[in-house]
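Q: Compute the structure for the input listed below.
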Amino acid sequence: MVIYDSHQRKKVEFKPIKENEVKIYVCGPTVYDDAHLGHARSSISFDLLRRTLETLGYKVTFVKNFTDIDDKIIKKMNETKKSLKEITEHYINSYLKDMEALNVKRADIEPKATESLDAMFELIQKLLDKGYAYTLLNGDIYFDVSKDEEYCQLSHKCQDDEVIHRVDIEGKKNPADFALWKACKGEEDVCFDSPFGKGRPGWHIECSAMIKKHIAYDGEYQIDIHGGGADLFFPHHENEEAQSHCAYGGHLAKYWMHNGFVQINGEKMSKSLGNSFFVKDALKHYSGEVLRFYLMSTHYRAPLNFSEEDLITSKKRLDKLYRLKKRVYGVTKKQQDKEFEQKLLEAMKDDLNISKALAVVDEFISEANENLDKNPKDKALKQKIISNIEFIDKLLGVGGSDAYEYFQAGVDEKTKKKIEELIQKRTTAKKEKNYALADEIREELKNMGIQIQDTPNGTLWEKV
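A: From the prediction side, this is the model:
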């Protein structure tokens, strides 16, 4: 497999640290608000990476953290008068619910910052003992970037104009120095006991500590792949790498991968810009599978300019897969198509080349429909089609829904109940040979925008 390593700025052959095993750490959300499309895109991107590696036979350990202590969370506490636990648990559950709707596999380990303080204390103490960190008069502890000869060699993004704008704190030695520990500032602050006095951790320290605690190898590299959004490469990942190799030697990760931004109207999606589009709002109008398909259809490293028009076009492309699945509805026995699986997997092995992968899927759909037109009763053909659709679901995370339920998305429960009642009434009418009433009900459903089909599995319906 070939992946793009952000550090080397090129595609390289992926070789895990330990044969047949891959350890991945992806920076998760700060849980003070609902998940937005940027969170969704990052999650889907690394879900595709995980699925590809697992399909290739690797044993993958996937870790994604929750930052559950942060300035934004404290601000939310002060605004809502709710506790830290109330806020963070609510938004963690909301995030997990949204990711489940997008068919993103849950991480194997989901550490929280507040549950990893001991690991952070150990890391900070090592940096103090080795002279890479210093304490201010107010009790804050900072990392001294001037002591790290390798600082900025990861991201190559440490131009002066990017670091001089950091908040100036009295006693800081360098503008680029970053907080490892923030001493308690007052009653409105959230503080924890520590060997350094009451306070709370800086943002960058938590991921390094969690990696060391949960999945780190001893040696040149602690993990295989570290990932996140492109905005995290500097300063967040740069600082993680600095504090980790200064404390423990070696490097934090062998490969670094970053997904591109989601843009709205050509601007990076950002809360500060007021253009953040929550996943939960999108899910009110489109199924999670449709949203997933749209967000993954642009290569993970490229920026994605969100457009509802493009989303609708993307849905029509996914519809074709489900229309094919409808044609083989009820087929359960499978027949593996190794040639198709290899073609699809080869595309994803090339740095998750989703454009090539979806072209393979499109070609499969076209050929399958053509063959079904010629041989509508060919059981072996249908079994191969079902097998291929299941492989698409395994690798790409789409195509696994019931073919008819997929086309029922967007119909509210009250309307669904009415449709089912009308279908039952029509079934009874047919049994009683009241065909006029049965036809009348079919017409009523048609006027509601509902198309029905009588099958050996009963009468099935879809929204048209």
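
Q: Any stretches of the stretch 151-300 of the chain with poor pLDDT?
A: Across the stretch 151-300 of the chain, the ranges flagged by pLDDT under 70 are 159-168, 269-276.

Q: again, only using 90
A: 156-171, 185-189, 263-277, 281, 284-285 (pLDDT under 90).

Q: Surely R442 is within a helix?
A: Yes: assigned with DSSP: H, G, I helix; E, B strand; the rest coil, R442 falls within a helix.

Q: Tell me the spacing between it and W461.
A: Shown here: R442 relative to W461, a distance of 10 Å by CB to CB, to the nearest Å. The C-beta positions use only the backbone N, C-alpha and C, and glycine is treated the same way.

Q: between those two, who's got more neighbours?
A: Legend: neighbour count by other CB atoms under 10 Å for R442 and W461, higher for W461 (21 against 18).

Q: Name the residues of the strand or helix carrying the more buried one that are buried.
A: Assigned by DSSP states H and E, W461 belongs to strand 458-463. Of all the residues in strand 458-463, those buried under the rule 16 or more other CB atoms under 10 Å are 459-462.

Q: what does that strand contact?
A: Strand 458-463 is contacted by residues 329, 404, 407-411, 419, 423, 426-427, 445, 449-453 when judged by CB atoms under 8 Å, 6 or more residues apart in numbering.

Q: Filter those down to the buried ones, ChimeraX style.
A: Restricted to buried positions by 16+ other CB under 10 Å, the ChimeraX selection for the contacts of strand 458-463 reads:
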select :329,404,407,408,409,411,419,423,426,445,450,452
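
Q: Might you specify the subset of the contacts of strand 458-463 located within strands?
A: 450-453 (DSSP state E).

Q: would CSV of these with distance to Q153 be doable?
A: Formatted as CSV, the ones in strands among the contacts of strand 458-463 follow (distance: CB to CB, whole Å):
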residue, distance to Q153
I450, 61
Q451, 60
I452, 64
Q453, 62
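
Q: ok, back up a step: which one of the buried residues of strand 458-463 is nearest E289?
A: In terms of CB to CB, no member of the buried residues of strand 458-463 lies closer to E289 than E462, at 14.9 Å.

Q: What residues are bridge-paired with that closest one?
A: Beta-bridge partners for E462, by DSSP bridges, are Q451.

Q: From E149, how far out is it?
A: Distance, E462 to E149, by CB to CB: 63 Å.

Q: mind listing which of the contacts of strand 458-463 are in helices?
A: Taking DSSP state H as the definition of helices, these contribute 404, 419, 423, 426-427, 445.

Q: Go through those and name the one nearest K334.
A: For those, the closest approach to K334 (CB to CB) belongs to Y404, at 19.8 Å.

Q: Contact partners for the closest one?
A: The contact partners of Y404, by CB under 8 Å, 6+ apart, come to 326, 329, 460-462.

Q: want to throw those residues into TSV with distance to D350 and pLDDT?
A: Below are the contacts of Y404 laid out as TSV (distance: CB to CB, whole Å; pLDDT from 0 to 100):
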residue	distance to D350	pLDDT
K326	31	93
Y329	33	91
L460	39	86
W461	41	89
E462	36	84
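
Q: Select, from the residues you listed, the two members most distant in space.
A: It's Y329 and W461 that sit farthest apart of the contacts of Y404, by CB to CB, at 12.7 Å.

Q: coming back round to it: which among the ones in strands among the contacts of strand 458-463 gets closest to E110?
A: Nearest to E110 among the ones in strands among the contacts of strand 458-463 is I450, at 40.9 Å by CB to CB.

Q: And the closest residue in space to V328 that isn't next to it in sequence, how close does it get to K333?
A: Leaving out its chain neighbours, the residue that sits closest to V328 by CB to CB, 6 or more residues apart in numbering is K382, at 4.3 Å. From K382 across to K333, the span is 9 Å (CB to CB).

Q: quick one: which of those two has more around it?
A: Neighbour count, other CB under 10 Å: between K382 and K333, K382 has more, with 23 against 10.

Q: what about the more buried one, helix or strand, and which?
A: For K382, the host element (DSSP H and E) is helix 379-396.

Q: and that helix, C-alpha only, in PDB?
A: Output in PDB follows, covering the C-alpha atoms of helix 379-396 (Å, rounded to 0.1, in the frame of the first residue of the first chain):
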ATOM      1  CA  LYS A 379     -28.700 -17.200 -10.200                       C
ATOM      2  CA  ALA A 380     -24.900 -17.300 -10.300                       C
ATOM      3  CA  LEU A 381     -24.800 -13.800 -11.700                       C
ATOM      4  CA  LYS A 382     -27.000 -12.500  -9.000                       C
ATOM      5  CA  GLN A 383     -25.000 -14.200  -6.300                       C
ATOM      6  CA  LYS A 384     -21.800 -12.600  -7.600                       C
ATOM      7  CA  ILE A 385     -23.500  -9.200  -7.700                       C
ATOM      8  CA  ILE A 386     -24.600  -9.500  -4.000                       C
ATOM      9  CA  SER A 387     -21.100 -10.600  -3.100                       C
ATOM     10  CA  ASN A 388     -19.600  -7.500  -4.800                       C
ATOM     11  CA  ILE A 389     -22.000  -5.200  -3.100                       C
ATOM     12  CA  GLU A 390     -21.100  -6.700   0.300                       C
ATOM     13  CA  PHE A 391     -17.400  -6.100  -0.500                       C
ATOM     14  CA  ILE A 392     -18.100  -2.500  -1.400                       C
ATOM     15  CA  ASP A 393     -19.800  -2.100   2.000                       C
ATOM     16  CA  LYS A 394     -16.900  -3.800   3.800                       C
ATOM     17  CA  LEU A 395     -14.300  -1.600   2.100                       C
ATOM     18  CA  LEU A 396     -16.100   1.700   1.500                       C
END
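
Q: can you list the residues that contact that helix?
A: Applying CB under 8 Å, 6+ apart, the contact partners of helix 379-396 are 48, 51-52, 55, 296, 321, 324-325, 327-328, 331-337, 340-341, 344-345, 348, 357, 361, 364, 368, 371-372, 375, 398-400.

Q: Just give the closest residue to R327, not the sequence neighbours.
A: Excluding the flanking residues, the one nearest R327 by CB to CB, 6+ apart is L372, at 5.7 Å.

Q: Tell me the secondary structure at the one you found.
A: helix.

Q: For I141, see how far away it is.
A: 67 Å.

Q: More neighbours: these two, which one.
A: Taking neighbours as other CB under 10 Å, L372 and I141 compare with I141 leading, 24 against 17.

Q: L128 is in contact with the more buried one, correct?
A: Yes: I141 is within contact range of L128, at 7.1 Å (criterion: CB atoms under 8 Å).
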